[in-house]
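> what shape does this take:
(2 chains)
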Amino acid sequence: MACFLVPAAEAVITTVVYYGMKSKGKNPKQMNVQYDRTQFNCDKKSEETEKVSFAKKLKWLNNMLWGGSALLAFEHVWHGEVVPWFPFLTNAANSADAAEMLHEMSTAGVSMAVVISAVWLGMVAVSSVIEKRTPKAQPSEG
Amino acid sequence: MTLLTTVFAAIICTIVWYNSSKARELKIGVLCLMYWGASLMWLIDAVFEYAELHEEFFTPAPLDMLNDLYLGLSVAALGLIIWLVIVLYKDPKGVVKSVLFHKKN
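Numbering: from 1, shown residues only, chains lettered A, B, ... in the order given. Just a heads-up that it's a prediction; the model follows:
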């Protein structure tokens, strides 16, 4: 009915946080690390790489939330639950349908936001483990 | 069916993202995350629907399946259009800029 509004609301918050971090200059918090590519069956012996900043990781969450909400909104338009005229949600027209819609938002909508956030936390945790496993670069002379 | 279509789109995109550096340059990761986000949302939707319908959930009417497949393919197409707009706007290879620059001269 309108479950996509909950992840969309979360997306607005995370986008504000992302741009706040970007404007405060927290984005370039990157660290040069060096890893042995022979460990990964690659051609070169070693290569320098950069640690992924938290702002970039937050963008993963933004993309999942905005993308998912946009595609789900399209599905709601397809089923006639979202319309281009006021009140935009067909179930918001009367109080009985509105109550059902709010119930769905508080159950399915909140679950969607929680699951996407949990998956993102998992992605951040895995990337942190990979970054910790990668040996840091030796400081170069001069 | 919509969930399945989106999951397959997400898997294909992820394989392309992993294999192709050219695709990564074209920000296919954004498309991957969009499809995975939508897949997770439809998964939750499916869980709630299953809780309501139980075994009926696994035996949809053929016409409903066809409609859901049509919707799933439309959703995949919409995702591709959004990604295309992002690529053209961000212009990671400078193609749009170079075309506009040549037109001015």
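> which residues of the chain score low on pLDDT?
All of this refers to chain A. A:26-50, A:136-142 (pLDDT under 70).
> sorry, I should have been clearer: chain B.
In chain B (pLDDT under 70), the answer is B:103-105.
> the helix ranked longest in it and chain A, are they touching?
Counting by DSSP state H, the longest helix found in chain B is helix B:62-90. Yes: using CB under 8 Å from any CB of the partner chain, helix B:62-90 reaches chain A at B:Leu71, B:Ser74, B:Val75, B:Leu78, B:Gly79, B:Ile82. The C-beta positions use only the backbone N, C-alpha and C, and glycine is treated the same way.
> could you dump those into JSON lines and include distance to A:Gly67?
Putting those into JSON lines (distance: CB to CB, whole Å) gives the following:
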{"residue": "B:Leu71", "distance to A:Gly67": "16"}
{"residue": "B:Ser74", "distance to A:Gly67": "15"}
{"residue": "B:Val75", "distance to A:Gly67": "11"}
{"residue": "B:Leu78", "distance to A:Gly67": "10"}
{"residue": "B:Gly79", "distance to A:Gly67": "7"}
{"residue": "B:Ile82", "distance to A:Gly67": "7"}
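> the residue in chain B that chain A sits nearest to sits in which helix or strand?
Of all residues in chain B, the one sitting closest to chain A is B:Met34 (2.6 Å; CB to the nearest CB). In the assignment (DSSP states H and E), B:Met34 maps to helix B:28-53.
> pretty sure B:Leu79 contacts A:Phe74?
Slight slip there: residue B:79 is Gly, not Leu. No: using CB atoms under 8 Å, B:Gly79 is not in contact with A:Phe74; the gap is 9.2 Å.
> those two: which is more packed in?
Set B:Gly79 next to A:Phe74 and count neighbours by other CB atoms under 10 Å in any protein chain shown: B:Gly79 wins out with 25 against 20.
> neighbouring contacts of the helix or strand where B:Ile12 lies?
B:Ile12 belongs to helix B:2-19 when assigned by DSSP H and E. For helix B:2-19, contacts defined as CB atoms under 8 Å, 6 or more residues apart in numbering or on different chains pick out A:71, A:75, B:23-24, B:28-29, B:31-32, B:35-36, B:38-39, B:42-43, B:45-46, B:68-69, B:71-73, B:75-76, B:79.
> please see if stretch A:109-117 touches chain B.
Yes: using CB under 8 Å from any CB, stretch A:109-117 reaches chain B at A:Ser111, A:Met112, A:Val115, A:Ile116.
> the second one - how many residues pack around it?
Summarising burial for A:Met112: neighbours were counted as other CB under 10 Å, giving 28.
> got it, and the last one?
By the other CB under 10 Å criterion, the neighbourhood of A:Ile116 contains 23 residues.
> do A:Ala113 as well
24.
> go on, B:Leu73?
Residues near B:Leu73, counting by other CB under 10 Å: 15.
> element containing A:Ala9, please.
With DSSP H and E as the test, A:Ala9 turns up in helix A:5-23.
> rewinding a little: for the residues of helix B:62-90 next to chain A, pick the one with the most neighbours.
Busiest of the residues of helix B:62-90 next to chain A [other CB under 10 Å] is B:Gly79, holding 25 neighbours.
> how close does that one get to A:Asn63?
11 Å (CB to CB, to the nearest Å).
> repeat that for A:Cys3.
19 Å.
> of those two, which one has the most company?
A:Cys3 (26 against 22).
> just confirm the more buried one contacts A:Glu75, I think it does.
No: look at A:Cys3 against A:Glu75 with CB under 8 Å: they stay out of range, at 10.2 Å.
> ok, how many other residues are close to the closest residue to B:Tyr35 other than its chain neighbours?
Among residues not flanking B:Tyr35 along the chain, B:Ala10 sits closest, at 3.7 Å (CB to CB, 6 or more residues apart in numbering or on different chains). For B:Ala10, the neighbour count with other CB under 10 Å is 22.
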